[in-house]
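1. curious how this folds, go ahead:
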Amino acid sequence: MGIEKARKIYIDELRFLATLFVICGHTVSLAQSLTAPVSTAHTVLGAVFFLFPSCNLLFVMISGALLLPVRGESVGTFFARRFARVAVPMLVYYLLYVCAKFGIRCLLPQNWLFLFQRLLVGAPEEAPHFWLVYVILGLYVLTPFLRWIVANIPDSVLFGLILVVFFVNALDTYLPLFHLDAHLSVIVDSYVGVFLLGYFLSAPGKEYAGSRKTEHVFLACGLLSYVLSVALMLTVDGCEGYLYDNAPTMLFLASAIFLCVKRAAAGRSRTPCPVRLIGKYSYSVLLIHWGVLHYVVKQLLGVNVLGGGIVGGCLLAALLTLVISLAAAIVIDHTLVWAVLAVLRIPYVFYHRRNR
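-> Predicted coordinates for the structure are as follows:
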């Protein structure tokens, strides 16, 4: 019971942190886009921004840590649960973004084919951050197969697989420096390796997976990656493409953050109420925050992200985005999402069992 509680605590806190990072990342990115490319403010914002894109990897790693250890769950039950917890709210918030642009008339029956085609294409231009949801949905399709793999391979083989993940991502990231292409982008962009990495880092202590020695290596590499990446960003122009996304530097940084939160939660039995609340609604906040930041905070409230010496403007915009997004997520989840689940005869309480 103690291990299960600790696991739930650090997962909630990781969700909370990843949610803060995604909001701060988009806020700082907005501020950076408004500064001159050669200015000190642009450079400093870029260096600060490097920490926040780890949220994308963290969300995927959290999914891997939660889903891959599960045993005894049928494939049908798994997909039914993911449909209730991920697909339904994604559809509701997707339609909200589309309606915000085209009006409520787009929900009329004659437009359903148009909406279905848009859903198949991918993230809408009104909400480009939905790309991450499509990645996670794709990983869910592979989850039953990946569960079987991790349940039937030795710890040493899993460790070797993680090394291959880093090696493949390194090839895809750094070979272009030598005008070479490894043709591995499709594999790298699938995020399967990050999904497995979340499981590996969350596993109970073994010879490799979850061992203190392995964790120390990841923590050291994460710290080194951050220092090296910021130093490069401050001194070398155009190096960002070799540091972000699934580059080894970002993989190590996200892994270090994951392990720091996991270790910090090990000796505690509860988390603060705001952390639990934001963790509970983190998925919905992730879905809606883009519209809140760019429309409510920036346009309606007129918040200047460059005001207050940049730091003040960014902090105010991020805080308002978080609070308003959380409030909107609670209202929408308990109204629109609830209504869709009711029509589909899916119990609402089943939707909010996020830690399982």
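2. name the single longest helix found in this protein.
-> Counting residues, the longest helix in the chain under DSSP state H turns out to be helix 2-33.
3. and that helix, how far from the chain's centre?
-> Distance, stretch centre to chain centre, for helix 2-33: 8 Å (Cα atoms, centre = their mean, to the nearest Å).
4. tell me the helices and strands packed up against the helix or strand that comes right after that helix.
-> Next helix or strand after helix 2-33 toward the C-terminus (DSSP states H and E): helix 40-49. Under the contact definition 3 or more Cβ pairs under 8 Å, 6 or more residues apart in numbering; DSSP states H and E, helix 40-49 sits against helix 2-33, helix 212-235. Any C-beta I mention is one placed from the backbone N, CA and C, and that applies to glycine too.
5. which one of these has the lowest average pLDDT?
-> If the helices and strands packed on helix 40-49 are sorted by mean pLDDT, helix 2-33 sits at the bottom with a mean of 83.
6. buried ones in that one?
-> Of the residues in helix 2-33, 6-28, 30-32 count as buried by neighbour count, 16 or more other Cβ atoms under 10 Å.
7. and the angle for it with helix 40-49?
-> Interaxial angle, helix 2-33 versus helix 40-49 (axes from the mean of the first three to the mean of the last three Cα atoms, to 10 degrees): 160 degrees.
8. show me the shaky parts of the stretch 1-150 of the chain.
-> 1-7 (pLDDT under 70).
9. the stretch 251-356 of the chain too?
-> The low-confidence ranges in the stretch 251-356 of the chain, as defined by pLDDT under 70, are 347-356.
10. ok, 80 please
-> Within the stretch 251-356 of the chain, the ranges that satisfy pLDDT under 80 run 267-269, 308-311, 345-356.
11. where along it do the strands fall?
-> Assigned by DSSP state E, counting those that start in this stretch, the stretch 251-356 of the chain shows no strands.
12. farthest residue from the center of this protein?
-> residue 110 (34.6 Å; Cα atoms, centre = their mean).
13. against residue 99, how distant is that one?
-> From residue 110 over to residue 99 the distance is 15 Å, taken as Cβ to Cβ, to the nearest Å.
14. just residue 43 next, same as before
-> Applying Cβ to Cβ to residue 43 and residue 99 gives a distance of 39 Å.
15. list the contacts of residue 49.
-> 25, 28, 29, 32 (Cβ atoms under 8 Å, 6 or more residues apart in numbering).
16. switch those over to TSV; also include distance to residue 150.
-> Below are these laid out as TSV (distance: Cβ to Cβ, whole Å):
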residue	distance to residue 150
25	30
28	36
29	35
32	39
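17. of those, closest to residue 251?
-> residue 25 (16.8 Å; Cβ to Cβ).
18. wait, isn't that closest one in contact with residue 55?
-> Yes: look at residue 25 against residue 55 with Cβ atoms under 8 Å: they come within range, at 6.2 Å.
19. residue 128: neighbouring residues, count only.
-> Residues near residue 128, counting by other Cβ atoms under 10 Å, number 11.
20. do you know how far it is from residue 270?
-> Where residue 270 is concerned, residue 128 sits at a distance of 37 Å (Cβ to Cβ).
21. got the buried residues for stretch 269-277?
-> Buried residues in stretch 269-277, counting neighbours by 16+ other Cβ under 10 Å, are found at 271, 275, 276.
22. could you check how far that stretch is from the centre of its chain?
-> Mean-position distance between stretch 269-277 and its chain equals 20 Å (Cα atoms, centre = their mean).
23. now do stretch 278-292
-> On Cα atoms, centre = their mean, the centre of stretch 278-292 falls 11 Å from the chain's centre.
24. separation between residue 290 and residue 120?
-> Residue 290 is 21 Å from residue 120, by Cβ to Cβ.
25. and for residue 59?
-> From residue 59 to residue 120 the distance is 22 Å (Cβ to Cβ).
26. so between those two, which is more surrounded?
-> Neighbour comparison, residue 59 and residue 120: the larger count goes to residue 59, with 26 against 7 (by other Cβ under 10 Å).
27. secondary structure element holding the more buried one?
-> Counting by DSSP H and E, residue 59 is part of helix 54-67.
28. how about that helix: buried residues?
-> Across helix 54-67, burial judged by 16+ other Cβ under 10 Å covers 54-67.
29. just stretch 282-299 next, same as before
-> 282-293, 296-298.
30. end to end, how far does it reach?
-> Using Cα to Cα, to the nearest Å, the end-to-end distance of stretch 282-299 comes to 24 Å.
31. please compute how far it lies from its chain's middle.
-> With Cα atoms, centre = their mean, you get 15 Å for stretch 282-299.
32. check stretch 106-115 too.
-> Taking mean C-alpha positions (Cα atoms, centre = their mean), stretch 106-115 and its chain are 30 Å apart.
33. how far does it stretch from start to finish?
-> Here the two ends of stretch 106-115 are set 8 Å apart, with distance taken as Cα to Cα.
34. for stretch 173-184, same thing?
-> 10 Å.
35. quick one: distance of that stretch to the chain centre.
-> Using Cα atoms, centre = their mean, the offset of stretch 173-184 from its chain centre is 26 Å.
36. buried sites along that stretch?
-> residue 173.
37. next: stretch 139-151.
-> 139, 140, 143, 144, 146, 147, 150.
38. closest to residue 337 out of those residues?
-> Looking across the buried residues of stretch 139-151 and measuring by Cβ to Cβ, the closest to residue 337 is residue 140, at 18.2 Å.
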